[in-house]
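Student: structure for the following, please:
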Amino acid sequence: MFLTRSLRARTLLYVLIPTALGLLAVATIALYAYERVAQDVVQQRDAELARLQAARLSEALDEHTGLLQAFAAQRDVQSMNVDRLAVATSKAPPQFKHFDAGVVIFDEDGMTVWSTSPIPSRRGTPYPLRSQFDLVRATHELHLSDVFTDPLTGQDIVSLAVPVEDRAGQFLGVVAGLQTVGGSAFAQVYADLLQVSSEQSRQAYIVDGNGTVIYHSDASRTGHDLSNWPPVSQSMDGQSGALLIDDQTGDRVVSGFAPVPDTPWALVTQQSWEIVVGPIRGYSRILLGVLAVAGLSSGALVFFSVGQALRPIRDLTRGAERIAGGDFDYTINAQTGDEVERLGQQFNLMARTLRESYRDLERRVADRTKELAALNAVSEAVSGTLDLERLLDTALEKTLEVMGVEAGGIYLLQEVGAPSAKGILTIVSHRGMREEFVRAIDNLAVGEGFSGRVVQTGEPMVVPDLHRDPRLTRSAVAQSGFRTVAIVPLASRDKTWGSLFVITRSDRVFPPHDVEFLSHIADQIAVAIENAHLFATEQRRAEQFRVISDVSSHMTSTLYVDELLDQIVRSIKDNMGYHLVGISLIEGQDLVIKAGVGPPFDDPSFRPPRSTVGGAGVTGWVAGAGEPLLVGDVSQEERYFPLSPKDPSRSELCVPLKTKDGVIGVLNVESDELGAFDQSDLAILQSLANQSAIAIENARLFAAEQRRAEQFRVLSEVGTRITSLLTVDDLLEETVRLVHQVLGYYLVGHRTGGGRGVGD
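Tutor: Residues are numbered from 1 along each chain as shown. Purely as a prediction, here's the structure:
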């Protein structure tokens, strides 16, 4: 209660809390900044240290390389004589002892001639790493290997190989110094070079070109594969630097790394980050304690001194109450000559500012009310109809009216060709623009011009000067006299339908508020467009069901195949409005067009081409595969070929005619528009194809039954006729004639002694 009623206590809190938060923020930022600086310095130090130690390691390796090269240049060594090699190795420098797996001399075929290895069986054995021997023999240059397994001892070793050559440069063999990984001889050399020991907080280790540890200050880590650890993998790629990273045990470390010059090896160092940053954090805690004490002391001083300073505030309080009551013309007169007087002046300024703010707020409320009324008018206009053309015209008129703009238009996105195509923007409604200008800016590709970019990005755009904007793609715009345009996308539910633009001939400014208002109108129009499309889709679906019923009724009106096929194609074209409809039936391996309507079937001289089942053409493929095929753009379909050279078809849909026995043919429709068919067309056409296949099968069965009945009738007639004949010749002749006449066979004959027949 004391804290809420005492102005002095509240003032203290208002001063103390921000001060404490500020001091805490300063201390935290200082700690963070100091740690960041320390991190950069340590990383730079470790990176440079890694490079220096890698250079020192390279120099040490060069020293041993020089010893091996000097040894290989001796005449005794070049002789490849065992006795002379024994003498040469006995005089070898003491550094050869660092090669704890031995110094081995190989002849030109890679076989051991002499060795200082403690394993006598090494003599007479082949080179343990044949790829290294082949490389040295091919290049006549020294080579330092990665870690590999010695086939003789099973130990992990590395090999430093130098060529043995005579004065003429003829290759005589290889001198190889073999060092076991983890061996104590070279381990001490590495430790002396890197100046680290297992007791130090800093670690250093050497890895080969495959990321295997050759030497580690922690001997238990020698031989481990660290190729996936970032400092090692980056050094293997020839990079040098330092990283602040978690090591394999999860501890935060600073790791420097650098490739060893002239070798496939790399050197990595690491030090615990806690050791580096620990002292900094200790001093930071002391700093926070000092700041806390200072803050509390300052708070106490403020608490006891602020009471006297706040007495004149009572007058200000009464004035503030008047202002809070709405008396913005009231003036506070505090003649104290200090901050209180200035505070009173600020109250007076606040009163004047509030007065202006209220007036501005009333104006903005009035503007917002007007905008809401305009939005309601647009919403009412677009919701009054589901006819898309009328809807867009009405919406554009209302938009231009409420925006006070003389011209504008609406682009809609027309999808063409394959589903992956970007589409074309066409103007479907416009006001205040000449027809030739509309034609000049029509048919924009998505991404082209201003409206194309808006549809592509989904973001509004304002172009203050059309003549000077480099994004202008249609020259007719610059010649039209229009200067400023504002464009917003028409989008709903993550689908972009097109764009709405308003354009003026004056230098009008479209502030963000106007663009936002225009976007709200565009959202209303987009929802209305979506509703109109949904309504059109439902109407189309209802029409499709009606078409299926109507076509089905035509199918059942006849049982004659040719007449049935003609009724099917005409009924589908009349009801669906397709550009071309055709039915092809399978006859053996041929696919024969039996009925068609539309160009080129309207030409009396047209002779439909034959195709084969599974052969060329969309219909041949569908007949062979038994699957439907929808082609949005026939120019992009390699299986399509036109029925005639003047065929205007641009899209095609073909479905198989199937019965229980398999595919009997295809039903094919084509259109002179791109992308004229969709999945709903496929569904209805497949349904009609299924009904057609059943009707065709029924008609064929009916024809077969008619033929069978006719045959029985002929047999009966033949029996009646022949019973009236007395001679055998007359009987046979009459039988042949009746069979040929009634059954329509090409040739009918009988064979007795002389044989006679009737035929065409």
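
Student: D507 - that's part of a helix, no?
Tutor: No. Secondary structure of D507 (DSSP: H, G, I helix; E, B strand; the rest coil): coil, not part of a helix.

Student: contacts only, for the closest residue to it other than its chain neighbours.
Tutor: Once flanking residues are discounted, D507 sits nearest to R483: 5.9 Å by C-beta to C-beta, 6 or more residues apart in numbering. To be clear about C-beta, it is placed using only N, CA and C from the backbone, and glycine gets the same treatment. For R483, the contact set (C-beta atoms under 8 Å, 6 or more residues apart in numbering) comprises P464, D465, L466, H467, T504, R505, S506, D507.

Student: I'd like these as a markdown table, with pLDDT appended.
Tutor: Below are the contacts of R483 laid out as a markdown table (pLDDT from 0 to 100):
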| residue | pLDDT |
| --- | --- |
| P464 | 88 |
| D465 | 85 |
| L466 | 82 |
| H467 | 80 |
| T504 | 91 |
| R505 | 87 |
| S506 | 85 |
| D507 | 83 |
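
Student: where does the stretch 151-300 of the chain dip in pLDDT?
Tutor: Applying pLDDT under 70 to the stretch 151-300 of the chain picks out residues 184-187, 195-201, 280-284, 295, 298-300.

Student: what are the boundaries of the helices in it?
Tutor: For the stretch 151-300 of the chain, helices defined by DSSP state H, counting those that start in this stretch occupy the ranges 184-194, 230-236, 273-309.

Student: then the stretch 501-650 of the chain?
Tutor: In the stretch 501-650 of the chain, the helices defined using DSSP H, counting those that start in this stretch lie at 512-555, 561-576, 618-625.

Student: closest to V158 out of those?
Tutor: Proximity to V158, assessed across those by C-beta to C-beta, is greatest for helix 618-625 (63.1 Å).

Student: domains in the protein, as residue ranges please.
Tutor: Taking automatic domain parsing as the reference, the chain has its domains at 48-291, 384-522, 556-704, 706-759.

Student: run the chain-centre distance for the second one.
Tutor: Using C-alpha atoms, centre = their mean, to the nearest Å, the distance from the centre of domain 384-522 to the centre of the chain it belongs to is 29 Å.

Student: list the contacts of V509.
Tutor: Taking C-beta under 8 Å, 6+ apart as the test, what V509 contacts is P464, T484.

Student: and it, what's its pLDDT?
Tutor: On pLDDT, V509 comes in at 84.

Student: coming back round to it: in JSON lines: the domains of the chain, plus distance to D329.
Tutor: Formatted as JSON lines, the domains of the chain follow (distance: least, C-beta to C-beta, whole Å):
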{"stretch": "domain 48-291", "distance to D329": "47"}
{"stretch": "domain 384-522", "distance to D329": "31"}
{"stretch": "domain 556-704", "distance to D329": "70"}
{"stretch": "domain 706-759", "distance to D329": "108"}
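
Student: of those, which approaches F347 most closely?
Tutor: For the domains of the chain, the distance to F347 is smallest for domain 384-522, at 31.7 Å, taking C-beta to C-beta.

Student: as JSON lines, the helices of the stretch 501-650 of the chain with mean neighbour count would be great.
Tutor: Output for the helices of the stretch 501-650 of the chain, formatted as JSON lines (neighbours: other C-beta atoms under 10 Å):
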{"stretch": "helix 512-555", "mean neighbour count": "17"}
{"stretch": "helix 561-576", "mean neighbour count": "19"}
{"stretch": "helix 618-625", "mean neighbour count": "22"}
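
Student: quick one, which of these gets closest to I214.
Tutor: Smallest distance to I214 across these (C-beta to C-beta): 63.0 Å, for helix 618-625.

Student: burial measure for the closest residue to N228 other than its chain neighbours, as a count.
Tutor: Nearest residue to N228, sequence neighbours excluded (C-beta to C-beta, 6+ apart): G211, at 7.5 Å. Neighbour count of G211, defined by other C-beta atoms under 10 Å: 19.

Student: next one: the one 10 residues further on
Tutor: The criterion is other C-beta under 10 Å. On that basis, R221 has 15 neighbouring residues.

Student: how near is R453 to S649?
Tutor: According to C-beta to C-beta, to the nearest Å, R453 and S649 sit 34 Å apart.

Student: what's the lengthiest helix in the chain packed up against?
Tutor: Identified as the longest helix of the chain according to DSSP state H is helix 7-72. In terms of contacts (3 or more C-beta pairs under 8 Å, 6 or more residues apart in numbering; DSSP states H and E), helix 7-72 is packed against helix 2-5, strand 156-165, strand 171-180, helix 184-194, strand 241-246, strand 252-259, strand 266-272, helix 273-309.

Student: following the chain onward from that helix, which element is next?
Tutor: Sequence order places helix 75-79 as the next helix or strand after helix 7-72, per DSSP states H and E.

Student: residues near the closest residue to L643 other than its chain neighbours, how many?
Tutor: Nearest-residue entry for L643: P600, 5.5 Å, with adjacent residues in sequence omitted and distances by C-beta to C-beta, 6+ apart. Using other C-beta under 10 Å, P600 is surrounded by 18 other residues.
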